[in-house]
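[1] heads up, no residue letters with this:
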């Protein structure tokens, strides 16, 4: 082998090694850490009881579409949901704990109820499955029967059907040590809810108070 051939061969080897290293580095940067077994992953997410996310919620039915910003804070059994730009009817805050939900809407008297779903439907005109969403937004079904679970190769949940709703996870990324959804589609035709650009904080930095 002459000197030129030897140099070209050495360069080819170096380029090959560089490509391998770059591809490995890219995988580390791009792939969020996941728990390989679904049961273990589900248990971790079920135990996640303090969190906060902000994002947007787009609502569409057979006749119209609306968008709103959303902020959801969960502290064990207490939760606070803020919606602003709320479907063109003003800012809304929902404070909940077991057996009691308080809904305050801009320009309206506060209302206290035992479950939020019907009252939110009366106020904003759309069904918002708050009780189940507490689980769905973390990437797991709510307690109770669920059907048609579909998984990616890494055991991240892709979709399922529960309580008459179909839930699709269209994006995940890592926040701290957890891999959580960033884009979720929840639909019960003709109604479709898209939660997008979800940005999570774990755990919540300020405690909620009753």
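    That came through fine. Just so you know, these numbers come straight off a predicted model, no measurement behind them.
[2] where in this protein is pLDDT low?
    1-36, 86-89, 116, 118-120, 122-126, 204-210 (pLDDT under 70).
[3] buried set for stretch 167-187?
    167-169, 172, 175, 178-186 (16 or more other C-beta atoms under 10 Å). Using the backbone N, CA and C atoms, a C-beta is placed for each residue, glycine as well.
[4] before we move on, what about stretch 92-107?
    92, 93, 94, 95, 96, 101, 102, 103, 105.
[5] Then stretch 56-68?
    So, applying 16+ other C-beta under 10 Å, buried residues of stretch 56-68: 57, 59, 60, 61, 66, 68.
[6] quick one: which of the residues you listed is nearest to residue 154?
    Residue 154 lies nearest to residue 57 out of those, by C-beta to C-beta, at 26.8 Å.
[7] show me what contacts the closest one?
    67, 68, 69, 70, 83, 193, 194, 195, 196 (C-beta atoms under 8 Å, 6 or more residues apart in numbering).
[8] Let me have the residues you listed in CSV, extended by secondary structure.
    As requested, the contacts of residue 57 are exported to CSV (DSSP: H, G, I helix; E, B strand; the rest coil):
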residue, secondary structure
67, strand
68, strand
69, strand
70, strand
83, strand
193, strand
194, strand
195, strand
196, strand
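[9] out of these, which are buried?
    Neighbour-count burial (16+ other C-beta under 10 Å) applied to those gives 68, 70, 83, 193, 194, 195, 196.
[10] so the fourth one touches residue 55, yeah?
    Going back to what we said before, that points to residue 193. No: look at residue 193 against residue 55 with C-beta atoms under 8 Å: they stay out of range, at 11.8 Å.
[11] What is the nearest of the contacts of residue 57 to residue 135?
    Nearest to residue 135 among the contacts of residue 57, with distances taken as C-beta to C-beta, is residue 195, at 13.5 Å.
[12] I figured that closest one was touching residue 56, is that so?
    Yes: counting by C-beta under 8 Å, residue 195 touches residue 56, with 7.4 Å between them.
[13] hey, what's in contact with both of those two?
    The overlap between the contact sets of residue 195 and residue 56 (C-beta under 8 Å, 6+ apart) consists of residue 70.
[14] Might one say that residue 150 is in contact with residue 156?
    No: using C-beta under 8 Å, residue 150 makes no contact with residue 156, being 10.2 Å away.
[15] Which parts of the chain are helices?
    3-30, 38-47, 117-124, 130-136 (DSSP state H).
[16] what sits against the closest residue to residue 46 other than its chain neighbours?
    Residue nearest to residue 46 in three dimensions, not counting chain neighbours: residue 140, with 6.4 Å by C-beta to C-beta, 6 or more residues apart in numbering. Going by C-beta under 8 Å, 6+ apart, residue 140 touches 42, 45, 46, 157.
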